[in-house]
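Student: Build the 3D model from these lines:
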Amino acid sequence: MNQSYYTILSFLEKCKTMKELKQIHSLMIKTSVVKNIIPCSRLIDFCANSELGDIEYARTVFDQTDQLTVYVWNSMIKGYCNGGDKFGALFMYEEMQRKGFYPDHFTFPFVLKVCSAIDLLVYGQSVHNRIVKTGFELDVYTSSCLLNMYVSCGDLNSGLKVFEFIPKWNVVAWTSLIAGFVNNDQPKEALRLFKDMENEGVEPNEITMTTALAAAARCRDIHTGKLVRYRLRQLGLDPFHTNSRFNVILATAIMDMYAKCGKLVTARNLFDKMPQRNLVVWNSMISAFSQYGRGAEALRLFVDMELAGFVPNKATFLSVIRACTHLRFRSTGQSLHARVLKANFHEFVAIGTALMDMYAKSGDADTALKIFSKLRKKDVMAWTTMISGLAIQGKGKEALNVFRRMEEEAEVAPDQITYIAVLWACSHLGLVEEGQKHFTSMMEVYGIEPTMEHYGCMIDLLSRAGHSEEAEELLVKMPTQPNATILSSILNGCEMYGNVGLANRVKSHIVELKNSSSGVYVLLSNIHAKACNWEEMKLARDILKHKKIGKTLGNSFVEMNLLPW
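Tutor: Sure, this is the predicted structure:
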């Protein structure tokens, strides 16, 4: 090796900018060192993978290199992967094999990370086959990446099979598996795996604990959530009880767990103790107040967040719009709507749906319809919200027309909640045949099992229309004990049509109610009074007095100027 070779290697080690690197590259060409693969490899690696690199320049050098190695191919694949050009990484992986180079235990993890990031399950399966053929399935890191690919793509069964074959279950593999179940809406199974991990003697890290807290939050399991936090303290990782560096991500997970489990006082106390907060922390606290019906506090916290210098994102607006919906704060909701338009968030289906719901529930169904018509993409929640909003505002015909459009035009199928709105509209329009048609279609076409709410809508529809026998048949078919609302619907029909016999038959269900309301006994008393059955009337009133059933007090809110704009 000549002196130029070692000088250039020294320059490459000290290189810090692309400008310097290009100068070194020129020197390599002049001294013919460019023909040596080692300095070329280092040059390509710097271009492809350093923070100040340039993947396109790396590709230029790569294409001019005669003596390629697997190391160089891996550098390029890694560079494309980390630089955001996922398909560029896959192209290099395919090209590498076409040129006769064999992927190794460094190649496969990069390719699997690409599959995880862009949900390429089928391609990931082909990579898995290649891993088996080349004998790298026993490499712990490769297997861990393979596991992560499967769970990220939603194939939990294959993920579990890979996990079983990993030679050594380390914390990375366990955490990937637990996170996979959390992200695929199986938080209870995720918590079971977390307990299995502890039983196997594998010590969790901060990422594992963050994932376990997220699982506890999703299934509203405050007991397990507290146990996870106790374990954090044992490991010296609890950010609220340590002098070490404050981990805001872990702190947010703890606070969010308490918030989602309804422990808002504890969550707010933790929030106030946090020495640093990011937008995720603010959104978590605002969302919790909004979800648990404390809309005014959510709006006040929103103001505090902006005063602290944070710019609201889609998640923030979603929570505060829902708070306005709960409070019936139409004026505040309109102000938020204007800001959503300014931020260009109105095209997101979740935001549009929340705005529709807010306007519909505040009595402005026309504006809700305008927002609905402008949504480019409508999911089942958007359709359902529009149908429900129209039905609640007494626009039953319009609600059913929207449902017909959904069946004809939409790429999504109606769900349980959609049919509650549809049957409710039929009930208030007195459309018995149409209601029965939809009830049957719900079960036979879409395979939706009726819930208490569906039975309630149908029984209300039949009772209002005087179809007492059919209402009673449905009551008998119900798999569970009817609630007070359903019994009130039947009794309303009995009162309207003077059906004392049905009222007497329903009485046994009323007695079995655990949480009775005064309404059912008042209705029963009125039915017997109209029929001059004075003893039965007196009996109903005596039961009412004996049970000391009172009226439920309502809540009301006055819209105040909570927001400073």
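Student: separation between T134 and R98?
Tutor: Distance from T134 to R98, counting by C-beta to C-beta, to the nearest Å: 16 Å. Every residue, glycine included, has its C-beta placed from N, CA and C.
Student: same question, S41
Tutor: Counting by C-beta to C-beta - S41 and R98 are separated by 21 Å.
Student: same thing with C47?
Tutor: To R98, C47 is 23 Å away according to C-beta to C-beta.
Student: So for the two, which residue has more residues nearby?
Tutor: Neighbours were counted for C47 and for R98 using other C-beta atoms under 10 Å; C47 has more, 26 against 7.
Student: Please identify the helix or strand for the more buried one.
Tutor: Secondary structure assignment for C47, by DSSP states H and E: helix 37-49.
Student: Please apply the same query to S489.
Tutor: S489 is part of helix 484-497 when elements are defined by DSSP H and E.
Student: packing partners for that helix?
Tutor: helix 452-464, helix 468-477, helix 500-512, helix 518-530 (3 or more C-beta pairs under 8 Å, 6 or more residues apart in numbering; DSSP states H and E).
Student: Need the winner for burial among those helices.
Tutor: With neighbours taken as mean count of other C-beta atoms under 10 Å, the helices and strands packed on helix 484-497 reach their highest mean count in helix 452-464, at a mean of 24.
Student: So what touches it?
Tutor: Residues from elsewhere that reach helix 452-464 (C-beta atoms under 8 Å, 6 or more residues apart in numbering): 416, 419-420, 423-424, 426-427, 430-432, 435-436, 439, 442, 450, 468, 470-471, 474-475, 478, 480, 482-483, 485-486, 489-490, 492-494, 496.
Student: my guess is Y57 contacts C47, does it?
Tutor: Yes. Using C-beta atoms under 8 Å, Y57 is in contact with C47, at 5.0 Å.
Student: Report the set of residues contacting both of these two.
Tutor: Residues touching both Y57 and C47 (C-beta under 8 Å, 6+ apart) are M18.
Student: which stretch of helix or strand covers the residue nearest to D256 when sequence neighbours are not counted?
Tutor: Excluding its sequence neighbours, the residue lying closest to D256 (C-beta to C-beta, 6 or more residues apart in numbering) is S284, at 4.5 Å. Using DSSP H and E, S284 falls within helix 279-291.
Student: Does that helix pack against any helices or strands, and if so which?
Tutor: Contacts defined by 3+ C-beta pairs under 8 Å, 6+ apart place helix 279-291 against helix 248-260, helix 264-273, helix 295-307, helix 314-327.
Student: Buried residues in stretch 246-263, which are they?
Tutor: Of all the residues in stretch 246-263, those buried under the rule 16 or more other C-beta atoms under 10 Å are 247-248, 250-261, 263.
Student: Now find how far off-centre it is within its chain.
Tutor: Remark: stretch 246-263 is offset 17 Å from the chain centroid, using C-alpha atoms, centre = their mean, to the nearest Å.
Student: Can you pull out the residues in contact with that stretch?
Tutor: Counting contacts by C-beta under 8 Å, 6+ apart, the residues outside stretch 246-263 that touch it are 206, 209-210, 213-214, 216-218, 220-222, 225, 228-229, 232, 237-240, 264, 266-267, 270-271, 274-278, 280-281, 284-285, 287-288, 291-292.
Student: still on that earlier bit, CA atoms of the helix holding C47 as CSV?
Tutor: Coordinates of each C-alpha in helix 37-49 appear next as CSV, following Å, rounded to 0.1, in the frame of the first residue of the first chain:
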residue,chain,number,x,y,z
ILE,A,37,-12.6,-1.2,-2.1
ILE,A,38,-11.8,-0.4,1.5
PRO,A,39,-11.7,3.4,1.2
CYS,A,40,-14.5,3.3,-1.3
SER,A,41,-16.6,1.4,1.2
ARG,A,42,-16.0,4.0,3.9
LEU,A,43,-16.8,6.8,1.5
ILE,A,44,-20.1,5.2,0.5
ASP,A,45,-20.9,4.4,4.1
PHE,A,46,-20.4,8.1,5.1
CYS,A,47,-22.5,9.3,2.2
ALA,A,48,-25.3,6.9,2.9
ASN,A,49,-25.5,6.7,6.6
